[in-house]
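Student: Give the three-dimensional model of this entry:
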Amino acid sequence: MGIQHLLSKPEKHYLLERILTVIVGVILCLTVTACGISPRVMAQDRMFLPLSVQFLGEYQLPKTDYKDTPVGGLSAITYDRTINRYYVLSDDRSQKAPARFYTMNINIYGDNPQINSIAIEDVTFLTGADGNQYKAGSIDPEGIALSPRNTLYISSEGATIEKIPPFVAEFQKTGKLISPVELPSRYIPDKDKEKPGRGVQDNRGFEPLTLGITSTLKDDPFRLFTATENALIQDNPRKNPDTDRRVRMLHYVISPIGQPVLVSENLYLIDESPSSQYNGLVELLALEREGYFLSLERTFGLSGFGVKLFQVVNASSTDTSKIETLPADLASLQVRSLEKRLLLDLEDLGIDLDNLEGMTLGPRFPDGSRSLILVSDDNFQKNQINQFLLFRLKNL
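Tutor: Residues are numbered from 1 along each chain as shown. From the prediction side, this is the model:
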């Protein structure tokens with residue numbers, strides 16, 4: 001005998017309402033909490049763009065010389081859509097050949113897009129404002145980005161042991177220095193100490209560099225973002241792996257009048273990687289929607305290189321520009337970092353990864369999605385490769 005036969009009609013209606021209420025409540029609970037996901041997490045989810053990334057293929061550029069320079073150490077790449085060419089920076093410290101970048105034609109075509117060939121078309125040597133090439137051991141080039149005014153911004157990472165200063169500067173496309181970007185003093189290593197008490201760590205300075213461009217007009221303002229590869233010396237005085245993950249990202253506004261203006265600095269937290277000997281932020285890429293970025297984190301351990309691609313959003317992160325030294329307990333100052341979400345762990349691709357350090361958006365595909373290219377720094381080693389990886393980025 002069913003339960004409905006034991007109840008009066010009003011009681012049946014009441015019971016049905018209660019059952020429906022419970023069912024709706026359970027559904028809402030599952031929707032809101034998603035098996036334990038809080039409403040705060042859902043709010044964080046809404047911060048991010050619905051990006052998806054698809055791996056399309058790999059291309060290995062054979063080791064070669066071009067105009068008496070060894071093609072290698074490819075640590076950064078930027079796309080010039082006006083001529084459909086790429087400028088690829090070598091991190092040679094003017095030791096194997098003068099500091100330089102290459103102009104490359106990366107041919108991408110086919111129904112299933114692939115990098116079919118890469119042709120090196122030119123090499124441009126970097127020079128100071130006096131027109132002289134950089135001397136050996138005087139520069140450590142790591143980041144490059146093309147500006148709307150048809151100039152290039154290039155960063156020198158900084159190697160304190162070799163006394164190579166960190167800098168970010170604007171260059172003509174001929175390679176000649178125009179002017180440096182003023183850096184906060186807390187990024188400059190102490191010069192009078194063998195063991196600096198502040199500044200960028202040795203060979204862990206300004207590797208990521210990107211421009212935020214919302215207009216194609218050369219006289220419109222644009223933004224420059226750069227970051228350290230690992231924490232500043234003063235932010236990690238005890239060389240703790242946990243505090244070494246605290247990276248500072250600088251945000252400048254650049255306009256036709258006056259010098260670049262630093263408007264904010266924000267904290268970026270690198271993912272933990274206990275099994276790796278080394279872990280760092282190697283690239284940032286500003287997306288066309290203001291406040292959104294892609295970031296590239298690279299690890300190195302006994303199993304080789306690991307690389308992760310993240311989406312990053314600046315949503316109510318703390319401006320740390322007035323904080324000379326980050327405390328051990330960030331909560332004591334209520335410091336909030338940039339929000340980020342994993343897009344792709346490249347170890348899941350099932351290919352051998354090299355020392356991937358550079359990243360740029362390329363041309364759009366016929367379906368409207370955007371090409372994304374990553375490039376590796378082979379450290380001029382015989383057992384490493386010049387690796388180019390091609391991806392499709394959707395919903396940008």
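
Student: For the residue nearest the centre of the chain, which non-adjacent residue is spatially closest?
Tutor: By CA atoms, centre = their mean, the mean C-alpha position of the chain lies nearest to residue 284, the distance being 1.9 Å. Excluding the flanking residues, the one nearest residue 284 by CB to CB, 6 or more residues apart in numbering is residue 208, at 4.0 Å. Just so you know, the C-beta spots here come from the backbone N, C-alpha and C atoms, and that holds for glycine as well.

Student: Surely that neighbour forms part of a strand?
Tutor: Yes. Residue 208 sits within a strand when classified using DSSP: H, G, I helix; E, B strand; the rest coil.

Student: need the contact list for it.
Tutor: Neighbouring residues of residue 208 by CB atoms under 8 Å, 6 or more residues apart in numbering: 143, 225-227, 229, 249, 281-284, 295-296.

Student: cool, and residue 347?
Tutor: 306-307, 353.

Student: Return the subset of the residues you listed lying in strands.
Tutor: With DSSP state E as the criterion, strands contain 306-307 from among those.

Student: can I get the contacts of residue 347 in a markdown table with neighbour count, distance to residue 66 and pLDDT?
Tutor: Supplementary listing: the contacts of residue 347 in a markdown table, determined by neighbours: other CB atoms under 10 Å; distance: CB to CB, whole Å; pLDDT from 0 to 100:
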| residue | neighbour count | distance to residue 66 | pLDDT |
| --- | --- | --- | --- |
| 306 | 19 | 30 | 97 |
| 307 | 24 | 26 | 98 |
| 353 | 19 | 25 | 97 |
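
Student: sec struct for the residue nearest to residue 217 when sequence neighbours are not counted, please.
Tutor: Distances taken as CB to CB, 6+ apart place residue 148 nearest to residue 217, at 6.7 Å, with adjacent residues excluded. Following three-state DSSP, residue 148 is assigned to coil.

Student: Quick check on residue 148: phi, psi?
Tutor: Dihedral pair for residue 148: phi -60, psi -20, per degrees, to the nearest 10.

Student: and the longest strand anywhere in the chain, what other elements does it pack with?
Tutor: If you go by DSSP E, the chain has its longest strand at strand 114-125. With contacts defined as 3 or more CB pairs under 8 Å, 6 or more residues apart in numbering; DSSP states H and E, the packing partners of strand 114-125 are strand 52-61, strand 100-109, strand 386-394.

Student: quick one: buried residues of the shortest one?
Tutor: Which is strand 386-394. When burial is assessed from 16 or more other CB atoms under 10 Å, strand 386-394 yields the following buried residues: 386-393.

Student: still on that earlier bit, help me confirm that the residue nearest to the centre of the chain is found in a strand?
Tutor: Yes. Under the criterion used here (three-state DSSP), residue 284 sits inside a strand.

Student: circling back: next, format the helices and strands packed on strand 114-125 as CSV and append mean pLDDT and distance to residue 259.
Tutor: CSV is the format used below for those (pLDDT from 0 to 100; distance: least, CB to CB, whole Å):
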stretch, mean pLDDT, distance to residue 259
strand 52-61, 97, 37
strand 100-109, 96, 24
strand 386-394, 97, 34
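
Student: now the closest residue to residue 305 other than its chain neighbours: how far from residue 359?
Tutor: Computed as CB to CB, 6+ apart, the closest residue to residue 305 that is not its neighbour in sequence is residue 353, at 4.6 Å. According to CB to CB, to the nearest Å, residue 353 and residue 359 sit 14 Å apart.
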